[in-house]
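**Student:** predicted structure and sequence below. I'll ask about it afterward.
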Amino acid sequence: MVKEKITEWITNGKVKPGDKIYSENELVKMFGVSRHTIRQAIGDLVHEGWLYREQGAGTFVAHRQTKTNSPAPVQSTKNIGVITTYISDYIFPSIIKGIESYLTNQGYSLTFACTDNDIEKEKQCLQTMLNRNIDGLIVEPTKSSTFNPNMHYYLELEQNKIPYLMINQFYAQLSPPHLIVDDELGGFIATEHLIKLGHKKIIGLFKSDDLQGINRMKGFIQAYKEYGIPFFPDMVVNYSTENQISYPLEKLQELFSSTDRPTAIVCYNDQLAIQTINFLRSLQLSIPEDVSIIGYDDSFLTEASEVKLTSVSHPKMEMGMEAAKWIVDAVEKKNTVPPSVVYKPKLVLRHSTGPCPVNE
């Protein structure tokens, strides 16, 4: 989207040859994407001859006659679109690397976009993909637990016989082909592990506008039921994309101000688990001696803290490669739709979980 918009500025004359374009900081604010995404887009446009850099001065619009190659054409064949909620952090680079490594070996070009888990941005991404005449689409749904107003774009893909695959979750209204993790099982095995360590005051922190969070919460509650652990108020804390930074920690502050505080926490993902570890340390609590913590996704963050994080696995690279293989098969064998896949997660034990404190 960034590349398309900048080339539109150039072709429409909004910026002219020799003009300096916006700085990285300005472009980050303008498009609402990461600095990494802006740098990648600018780098591509420099390589394609739309822009040029001057050391210490900035980036400028190239004079068309100085370009050795014509502008990169929009490919009408062998072009796969990839839309994720995020691109530049957490588990997404591993997923994208898996997709890219397979597709490029098969001679396919890729068009990347990210929604930042925002419905309006998803609409823009889908419009861009349709305008690019993609041959297939790999997409991670945006806010998958709520109704999505962009359904008609997916129906348009179907009408145009353009195969698409959803990863990590899918829109139930469409029942599309998908590659997902059994998140309910993941939430269950995380909670079961803590119960077997003797914990009864376990809280779960779950994102509620994505189905991953809803299903992980279902597994969490199911473990409580199966093991006959008494329920208690605030044992489940739900948050959304918009308040994911502040609300969980505010709720933890409230819960740990009580004398009857939790002894274990199941987190929606590893990012939240690391934030939780830092919060508990600020209270002079030790992990796992005072509180046990489990993350989800088995990301690089599990090794980033002094306390190595127990986490539920996610087949990041494998999912990316399988998604790429699936879309190539769907494009090249138009009458055959490959099956969906549900990955079974495992609990990867490290040092953030331990027996329940004796004085519970």
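**Tutor:** Done, it's in.
**Student:** any idea how far stretch 352-360 is from the chain center?
**Tutor:** Here stretch 352-360 is found 32 Å from its chain centre; the criterion is CA atoms, centre = their mean, to the nearest Å.
**Student:** check which residues of it are buried.
**Tutor:** Buried positions in stretch 352-360, judged by neighbour count with 16 or more other CB atoms under 10 Å: 352-354, 356-357. All C-beta atoms are positioned from the backbone trio N, CA, C, and that covers glycine.
**Student:** Serialize these to JSON lines and add fields for distance to residue 42, pLDDT and secondary structure.
**Tutor:** Formatted as JSON lines, those follow (distance: CB to CB, whole Å; pLDDT from 0 to 100; DSSP: H, G, I helix; E, B strand; the rest coil):
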{"residue": "352", "distance to residue 42": "40", "pLDDT": "97", "secondary structure": "coil"}
{"residue": "353", "distance to residue 42": "44", "pLDDT": "97", "secondary structure": "coil"}
{"residue": "354", "distance to residue 42": "48", "pLDDT": "97", "secondary structure": "coil"}
{"residue": "356", "distance to residue 42": "53", "pLDDT": "95", "secondary structure": "coil"}
{"residue": "357", "distance to residue 42": "53", "pLDDT": "91", "secondary structure": "coil"}
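**Student:** among the residues you listed, which one lies nearest to residue 86?
**Tutor:** Distances from residue 86 to the buried residues of stretch 352-360, taken as CB to CB, are shortest for residue 352 (24.2 Å).
**Student:** check whether the closest one really touches residue 289, as I assumed.
**Tutor:** No: using CB atoms under 8 Å, residue 352 is not in contact with residue 289, being 10.9 Å away.
**Student:** my read: residue 345 touches residue 312, true?
**Tutor:** Yes: using CB under 8 Å, residue 345 is in contact with residue 312, at 4.9 Å.
**Student:** find residues that contact each of these two.
**Tutor:** When contacts are counted by CB atoms under 8 Å, 6 or more residues apart in numbering, residue 345 and residue 312 have 186, 189 as shared neighbours.
**Student:** in terms of neighbours, single out the busier of those two.
**Tutor:** With neighbours defined as other CB atoms under 10 Å, residue 345 and residue 312 compare such that residue 312 has more, 28 against 25.
**Student:** list the helices and strands the strand or helix carrying that one packs on?
**Tutor:** Following DSSP states H and E, one finds residue 312 within strand 310-313. Packing partners of strand 310-313 (3 or more CB pairs under 8 Å, 6 or more residues apart in numbering; DSSP states H and E): helix 183-196, strand 292-297, strand 347-348.
**Student:** and the direction of the second one versus that of helix 183-196, what angle?
**Tutor:** Right, strand 292-297. Orientation check (axes from the mean of the first three to the mean of the last three CA atoms, to 10 degrees): strand 292-297 against helix 183-196 gives 160 degrees.
**Student:** looking at strand 292-297 now, give me its mean pLDDT.
**Tutor:** Averaging pLDDT along strand 292-297 yields 97.
**Student:** please identify the buried residues of it?
**Tutor:** 292-297.
**Student:** would you map the strands across this structure?
**Tutor:** Secondary structure of the chain (DSSP state E): strands at 51-54, 58-61, 79-84, 109-114, 136-139, 164-167, 178-181, 202-207, 236-239, 264-267, 292-297, 310-313, 341-343, 347-348.
**Student:** how about a markdown table for those, with distance to residue 127 added?
**Tutor:** Output for these, formatted as a markdown table (distance: least, CB to CB, whole Å):
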| stretch | distance to residue 127 |
| --- | --- |
| strand 51-54 | 24 |
| strand 58-61 | 25 |
| strand 79-84 | 11 |
| strand 109-114 | 10 |
| strand 136-139 | 12 |
| strand 164-167 | 15 |
| strand 178-181 | 22 |
| strand 202-207 | 27 |
| strand 236-239 | 30 |
| strand 264-267 | 35 |
| strand 292-297 | 30 |
| strand 310-313 | 35 |
| strand 341-343 | 29 |
| strand 347-348 | 40 |
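**Student:** please consider this matter closed, and thank you.
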